[in-house]
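Engineer: with the input below, show me the fold.
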Amino acid sequence: MKLTLFDYPLNHERIAQHPLSVRDSSKLLVLHRKSGTMEHRVFRDIVEYLSPADVIVLNDTRVLPFRLHGQKLTGGRVEILLLKEHSSGEWSVLSKGIKEGKVRFSGQVSGKVFHEERQKMIRFSEKMTPELLEQLGTMPLPPYISRAVLPQDIHTYQTVYAKNPGAVAAPTAGLHFTEELLQAIETKGVSIGKLTLYVGYGTFRPIVAEDVEKHIMDTEDYHIPEKTARQCHEAKEKGGRVVGVGTTVTRALESAVQGTVKAGDGTSSLFIYPGYKFCAIDALVTNFHLPKSTPFILTSAFAGLELLKNAYNEAQQKEYRFFSYGDAMLIL
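Structural biologist: Below is the predicted model:
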């Protein structure tokens, strides 16, 4: 299965650089898999496509400002992106401006960059807590957002239900929901389930293997509460649907299926590509993804590659906004 199959022509003017001022006013392309038909709606209209027997599942992880700026002892500028904290208190990182050595950040905080087992690490002078990160860091916006990070990104690049800190990237399908929309969904009788998958940098990491099936996903930690597992089971029993909000929710639920979705902690390195049989989700809410990316490949596995490419082509013709701060799809 060649990577080039998952390419598509992208008009770069369609890449959203800023969020809309009203989250649920984004466009919603509703894609019906059986008929191959498409509808063009507004995101808040998603309520019309949900039934009381359904459960809609959200990823409540919270993005931390994991991008740090500092200086080398020589005065040169350094950029550090924190990826994962280890039990030792050291972090895996990506960096610009330094290969190894000491970095000074604002205040009295410093760190030492070094290599260990083929990965770049940093050891800080003090514990890097979420509170300290809020003081030192900026939001790790995706590389295709070419503008500078703005103060409001700390709120807009975050879902309204974000709770559990630790994600490097936002579960962007959830950015369209407002408190009012979630209330409208509950008022209709639809269950809302939540899980936590700590989104890692692997969501941006390019696939380098020309044979897609040889790609290895980064491992990400997740937690599925008992209530959410029960909601998924009950929805199936009632003839309803499990609606996954985003590829991160999908990977967590599909990783936890053992006949039915099982509650508990786990790690997911599940790479979903065409040919995969979905066991957990029945419908998918998702944004428009980069060509040849793992989220695009997962979505093509769910929707069908040809149908998905047709939808992407039509979305560009109708001036949908793409990627993290862009518009959304509901795939039924």
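
Engineer: what's the helix or strand residue 297 falls within packed up against?
Structural biologist: Using DSSP states H and E, residue 297 sits within helix 294-303. With contacts taken as 3 or more C-beta pairs under 8 Å, 6 or more residues apart in numbering; DSSP states H and E, helix 294-303 sits against helix 247-255, strand 283-287, helix 305-317, strand 328-331. Where you see a C-beta, it was placed from the backbone N, CA and C, and this is true even at glycine.

Engineer: ok, residues contacting it?
Structural biologist: With contact meaning C-beta atoms under 8 Å, 6 or more residues apart in numbering, helix 294-303 is reached by 6, 31, 33, 202-203, 207, 212, 215, 217, 247, 250-251, 271-276, 278, 281, 284, 286, 289-290, 308-309, 311, 329, 331.

Engineer: pretty sure residue 267 contacts residue 221?
Structural biologist: Yes - the criterion here is C-beta atoms under 8 Å, and residue 267 meets it with residue 221 at 5.5 Å.

Engineer: neighbours around residue 167, how many?
Structural biologist: Residue 167: 25 surrounding residues under other C-beta atoms under 10 Å.

Engineer: what does the pLDDT read for it?
Structural biologist: In this model, residue 167 is scored at 94, pLDDT.

Engineer: what's the answer for residue 18, then?
Structural biologist: Residue 18 carries a pLDDT value of 98.

Engineer: and the contacts of stretch 187-196?
Structural biologist: Contacts with stretch 187-196, where a contact means C-beta under 8 Å, 6+ apart, come from 47, 50-52, 54-61, 161, 163-164, 182, 185-186, 222-225, 227-228, 231-232, 234-235, 249, 252-253.

Engineer: buried only: go through these for me.
Structural biologist: 50, 54-61, 161, 182, 185, 222-224, 228, 231-232, 235, 249, 252-253 (16 or more other C-beta atoms under 10 Å).

Engineer: of those, which belong to helices?
Structural biologist: When DSSP state H is applied, the buried ones among the contacts of stretch 187-196 are split such that 182, 185, 228, 231-232, 235, 249, 252-253 fall in helices.

Engineer: who are the neighbours in contact with residue 175?
Structural biologist: Contacts of residue 175 by C-beta under 8 Å, 6+ apart are 19, 23, 156-159, 324-325.

Engineer: all helices of this structure, in order?
Structural biologist: Ranges of helices within the chain are 130-136, 153-156, 179-187, 226-237, 247-255, 294-303, 305-317, based on DSSP H.

Engineer: deepest-packed of those helices, please.
Structural biologist: Looking across these with neighbours counted as mean count of other C-beta atoms under 10 Å, the highest average goes to helix 247-255: a mean of 27.

Engineer: tell me the domain ranges of this protein?
Structural biologist: Under the assignment automatic domain parsing, the domains of the chain span 3-63+153-331, 67-136.

Engineer: which one of the ones you listed lies nearest to residue 143?
Structural biologist: Among the domains of the chain, domain 3-63+153-331 comes nearest to residue 143, with 6.6 Å by C-beta to C-beta.

Engineer: relative to residue 299, how far out is residue 309?
Structural biologist: Counting by C-beta to C-beta, to the nearest Å, the gap from residue 309 to residue 299 is 11 Å.

Engineer: got it, and residue 31?
Structural biologist: Distance, residue 31 to residue 299, by C-beta to C-beta: 10 Å.

Engineer: now residue 88
Structural biologist: For residue 88, the distance to residue 299 - C-beta to C-beta - is 37 Å.
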